[in-house]
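Colleague: Kindly return the folded structure for what I paste below:
(one chain, ligands or ions: 2)
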Amino acid sequence: MAQDELVFAPLGGVGEIGMNLSIYGFDDGARRQWLIVDCGVSFAAQEHLPGVDLILPDVRYLIEERRNIVGLVLTHAHEDHMGALIDLWPRLKVPIYATPFAAALFEARRLSEPGAPEIPVNVVPLNGGVTLGPFAIDLVNVAHSIPESNALAIRTPVGVVVHTGDWKIDPTPILGAPTDQAKLTSLGDEGVLALVGDSTNAVRDGRSPSEADVAKTLAELIRTAPARVAVTTFASHVGRIRAVADAARLAEREVVIVGRAMERVIQVARETGYLDGAQDFRGTESYGYLPRDKVLALCTGSQGEPRAALARIAADEHPEVTLNRGDRVIFSSRTIPGNEIAVAGVINGLVGQGVEVITDRSHLVHVSGHPRRAELLDMIGWVRPKILVPVHGEALHLAEHAKLARSAGVPHVLVCRNGDLVHLAANGAEIIDEVPFGRTYKDGALLLDADARTIAARRRLSFAGIVSVALAMTDKGVLVADPEIELIGIPETDASGGPMSVVAHEAVEEALELLPKARRRDPDQVAEAVQRALRGAIAQRWNKKPICHVHVLTV
Ligand SMILES: [Zn+2]
Ligand SMILES: [Zn+2]
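Modeller: Ligands and ions are numbered 1, 2, ... in the order given. All right, here's what the predicted structure looks like:
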């Protein structure tokens with residue numbers, strides 16, 4: 001590899017939603033040094049992965065390269081950018097850099113996880129910077145749906161890369177400063193080699209409405225509500241929480257916080273000054289004592305999560321918070337693809353109780369934190385990159401972002417995939433190699449390789465159940481007791497009403513009878529014959545083959 005080379009590789013988040021992790025490498029002729037940007041998760045609900053809580057990027061390449069990693073910078077505190085760090089950091093032990101809010105929320109998240117190790121985070125002030133090996137990084141403020149979101153201006157000896165992180169243009173965000181157009185324009189004046197940017201909304205024309213417009217709608221809906229109001233939104237959306245709190249105060253309603261994730265974020269937001277001047281919120285214990293037109297419940301569960309506050313309220317299972325006919329629930333959120341059925345379940349539960357439900361389909365009660373096409377064009381116009389690499393999106397989003405960039409005259413546009421090693425140089429971008437990448441599953445307290453057999457076996461189990469057989473035999477191959485057979489997850493009777501357990505017993509007995517005496521002495525041959533007979537007999541009735549486990553105990 002020649003020296004003075006700059007490379008980029010996404011290890012997650014490109015060609016998919018979530019799990020953002022990018023690396024930049026610079027080689028000065030000695031050895032390539034790496035900068036990591038973000039380390040996020042994606043959620044397993046949509047993935048048909050039974051029992052898997054989270055999906056994390058596979059970082060075996062980074063573990064290999066650990067000594068050459070100069071640090072990890074977080075663009076912002078969303079889970080799809082930060083959520084894998086608690087689990088993966090012990091394997092990497094690299095220095096982490098984050099702004100005050102992200103560092104505080106990370107620490108609060110860490111403390112909520114039993115047994116999580118101490119993880120040091122270096123705090124970088126807003127609009128500050130840090131130099132890590134050959135990378136001099138400046139934080140550039142961008143508007144988004146969580147406080148302190150940053151684009152990174154990454155200066156290297158061969159040029160500047162602007163890594164946008166998640167952003168939008170919002171001239172009137174509720175919290176924080178608008179996207180720093182002046183800084184981005186001055187970077188453009190200086191000359192930007194590459195723009196690596198958010199593609200989430202590249203299929204949407206125009207511009208996103210402002211958080212201030214959403215705040216106005218919320219205030220009106222809260223003011224005119226006849227009885228109780230509950231609002232659900234993303235727990236980390238402090239700007240939206242602020243807007244709801246302000247609206248509640250104007251409507252002379254107390255705010256009751258329902259849900260631990262929301263409490264955690266609010267505590268961090270109080271500590272970092274993002275709720276300065278907002279009224280004190282109440283705990284759920286006071287909910288029942290407040291008059292119906294004097295209370296607003298701010299709840300977790302906008303994605304229909306079954307254990308979150310709103311799902312429990314909708315199922316009338318919350319110990320302290322209830323809603324009745326005439327109350328109003330506002331979903332100040334968007335349903336993330338994959339969660340539609342769960343959200344519909346919650347909405348139907350509420351409507352079934354006579355509650356009025358308002359969503360972003362009928363009212364401007366939510367806006368995305370990502371740039372639409374006119375905003376993407378503004379960014380390109382400010383930064384004027386030689387190269388544009390679309391990231392943070394599925395294949396369609398990347399392709400649309402690329403097309404838009406080409407139409408705007410960006411000289412070199414390159415669409416890549418997770419694991420592609422992209423060479424960035426003044427004369428263009430090129431995929432020059434591949435680095436190992438993949439997925440890791442968070443399964444309870446453990447991390448599993450995505451290609452481990454565990455989850456595949458679990459899926460098979462869930463599809464066709466299991467038959468477990470225990471046989472006690474003498475060393476001559478004579479049964480000393482009735483076979484013990486247990487069927488789990490298998491229909492109890494066949495189409496003619498015959499018990500499946502009888503089918504199984506007969507299959508086991510017949511298999512043993514048919515087995516020649518000599519072979520009956522070999523436990524392995526017994527097990528194999530019984531297994532084959534069982535699967536065959538059950539499949540004949542059911543048209544599905546269960547997993548069979550046969551244990552032969554020689555007594
Ligand atoms: Zn994101
Ligand atoms: Zn984000």
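
Colleague: what does this protein put close to ligand 2?
Modeller: The chain has residues 78, 166 near ligand 2, with proximity defined as CB under 5 Å from the ion. The way it works is simple: take the backbone N, C-alpha and C, and place the C-beta from them, glycine included.

Colleague: Where does pLDDT dip in the chain?
Modeller: Across the chain, residues meeting the criterion (pLDDT under 70) sit at 1-2, 44-47.

Colleague: Can you point out the buried residues in the helix ranked longest in it?
Modeller: Criterion DSSP state H: the longest helix present in the chain is helix 523-542. Judged by neighbour count (16 or more other CB atoms under 10 Å), helix 523-542 contains these buried residues: 523, 525-527, 529-531, 533-535, 537-538, 541-542.

Colleague: shouldn't residue 301 be in contact with residue 346?
Modeller: Yes. Using CB atoms under 8 Å, residue 301 is in contact with residue 346, at 6.9 Å.

Colleague: what is in contact with the two at once?
Modeller: Contact criterion CB atoms under 8 Å, 6 or more residues apart in numbering; residues shared by residue 301 and residue 346: 310, 311.

Colleague: so which of the buried residues of helix 523-542 comes closest to ligand 1?
Modeller: The closest of the buried residues of helix 523-542 to ligand 1 turns out to be residue 542 (CB to the ion; 44.6 Å).

Colleague: How about the contacts made by that closest one?
Modeller: 490, 491, 494, 500.

Colleague: Would you give the sheet partners of the host helix or strand of residue 136, along with the direction of each?
Modeller: In this assignment (DSSP states H and E), residue 136 forms part of strand 135-142. Take DSSP bridges as the rule and strand 135-142 pairs in its sheet with strand 129-132 (antiparallel), strand 149-156 (antiparallel).

Colleague: Point out the most buried one among these.
Modeller: strand 149-156 (a mean of 25; mean count of other CB atoms under 10 Å).

Colleague: helix or strand right after that one?
Modeller: Counting by DSSP H and E, the next helix or strand C-terminal to strand 149-156 is strand 159-163.

Colleague: related to what we said a few turns ago, could you list the residues in contact with the helix or strand just after the longest helix of the chain?
Modeller: Per DSSP H and E, the first helix or strand lying C-terminal to helix 523-542 is strand 547-554. Contacts of strand 547-554 with the rest of the structure, by CB under 8 Å, 6+ apart, involve 457, 460-461, 464-475, 523-524, 526-528, 530-531, 534-535.

Colleague: ok now strand 547-554, how far from the chain's centre?
Modeller: 40 Å (CA atoms, centre = their mean, to the nearest Å).

Colleague: Can you tell me which residues in the stretch 1-150 of the chain are near ligand 1?
Modeller: Checking the stretch 1-150 of the chain against ligand 1 by CB under 5 Å from the ion, the hits are residue 80.

Colleague: how much space between the residue in the stretch 151-300 of the chain that ligand 1 sits nearest to and residue 123?
Modeller: Residue nearest to ligand 1 within the stretch 151-300 of the chain: residue 166 (4.3 Å; CB to the ion). Per CB to CB, to the nearest Å, residue 166 is found 20 Å from residue 123.

Colleague: out of these two, which sits in the more crowded spot?
Modeller: The residue with more neighbours, out of residue 166 and residue 123, is residue 166; 27 against 14, by other CB atoms under 10 Å.

Colleague: where do the strands sit along the stretch 301-450 of the chain?
Modeller: Under the criterion DSSP state E, counting those that start in this stretch, the stretch 301-450 of the chain contains strands at 328-331, 356-358, 387-391, 412-413, 420-425, 428-434, 439-443, 446-449.

Colleague: Can you name every helix or strand that the third one contacts?
Modeller: It stands for strand 387-391. Packed against strand 387-391, as judged by 3 or more CB pairs under 8 Å, 6 or more residues apart in numbering; DSSP states H and E, are the following elements: strand 194-198, helix 395-407, strand 412-413, strand 428-434.

Colleague: can we see that at 10 Å?
Modeller: Identification of packing neighbours for strand 387-391 by 3 or more CB pairs under 10 Å, 6 or more residues apart in numbering; DSSP states H and E yields strand 5-12, strand 159-163, strand 194-198, helix 373-383, helix 395-407, strand 412-413, strand 420-425, strand 428-434.

Colleague: Tell me what angle the fourth one forms with helix 395-407.
Modeller: Interaxial angle of helix 373-383 relative to helix 395-407 (axes from the mean of the first three to the mean of the last three CA atoms, to 10 degrees): 50 degrees.

Colleague: now, of the helices and strands packed on strand 387-391, which is deepest in the fold?
Modeller: Ranked by mean neighbour count under mean count of other CB under 10 Å, the helices and strands packed on strand 387-391 are led by strand 194-198, which reaches a mean of 28.

Colleague: That strand pairs with which strands?
Modeller: Here, using DSSP bridges, strand 194-198 pairs with strand 159-163 (parallel), strand 387-391 (parallel).

Colleague: circling back: for the strand holding residue 136, buried residues please.
Modeller: 135, 137, 138, 139, 140, 141, 142.

Colleague: residue contacts, the nearest residue to residue 511 once chain neighbours are set aside?
Modeller: Nearest residue to residue 511, sequence neighbours excluded (CB to CB, 6 or more residues apart in numbering): residue 533, at 3.6 Å. Shown in contact with residue 533 (CB atoms under 10 Å, 6 or more residues apart in numbering): 504, 506, 507, 508, 509, 510, 511, 512, 514, 515, 548, 550.

Colleague: Looking at the residues you listed, which are in helices?
Modeller: Those of the contacts of residue 533 lying in helices (DSSP H): 504, 506, 507, 508, 509, 510, 511, 512, 514.

Colleague: Going by distance to ligand 1, which of the residues you listed wins?
Modeller: Minimum separation from ligand 1 among the ones in helices among the contacts of residue 533 (CB to the ion) is found for residue 504, which lies at 50.5 Å.

Colleague: and the closest one, how far is that from residue 447?
Modeller: In this view, residue 504 and residue 447 are 37 Å apart by CB to CB.

Colleague: who has more neighbours, these two?
Modeller: residue 504 (23 against 17).

Colleague: what residues are up against that one?
Modeller: Residues counted as contacts of residue 504 (CB under 10 Å, 6+ apart) are 467, 469, 483, 485-487, 490, 533-534, 537-538, 546, 548.

Colleague: What of residue 148?
Modeller: For residue 148, counting by CB under 10 Å, 6+ apart, the contacting residues are 74-77, 98-105, 126, 139, 141-142, 175-176, 238, 272, 274.

Colleague: Tell me which residue of the stretch 1-150 of the chain lies closest to ligand 1.
Modeller: Closest point on the stretch 1-150 of the chain to ligand 1, by CB to the ion, is residue 80, at 4.3 Å.

Colleague: which element is that residue on?
Modeller: Per DSSP H and E: helix 79-82 holds residue 80.

Colleague: which stretches of the stretch 51-200 of the chain form helices?
Modeller: 60-64, 79-82, 85-92, 100-111, 181-190 (DSSP state H, counting those that start in this stretch).

Colleague: List the buried residues in the last one.
Modeller: Okay, so that is helix 181-190. 183, 184, 187, 188.

Colleague: hang on, the last one packs against residue 162?
Modeller: Yes. The pair residue 188 and residue 162 passes the contact test of CB atoms under 10 Å, sitting 8.7 Å apart.

Colleague: where do the contact lists of these two overlap?
Modeller: 195, 379, 382, 383, 385.

Colleague: For the first one, give the beta-bridge partners.
Modeller: In this entry, residue 195 is beta-bridged to residue 162, residue 388, by DSSP bridges.

Colleague: contacting residues for it?
Modeller: 151, 160-164, 184, 187-188, 376, 379-380, 382-390, 405, 410, 413.

Colleague: That's all I had, so thanks and see you.
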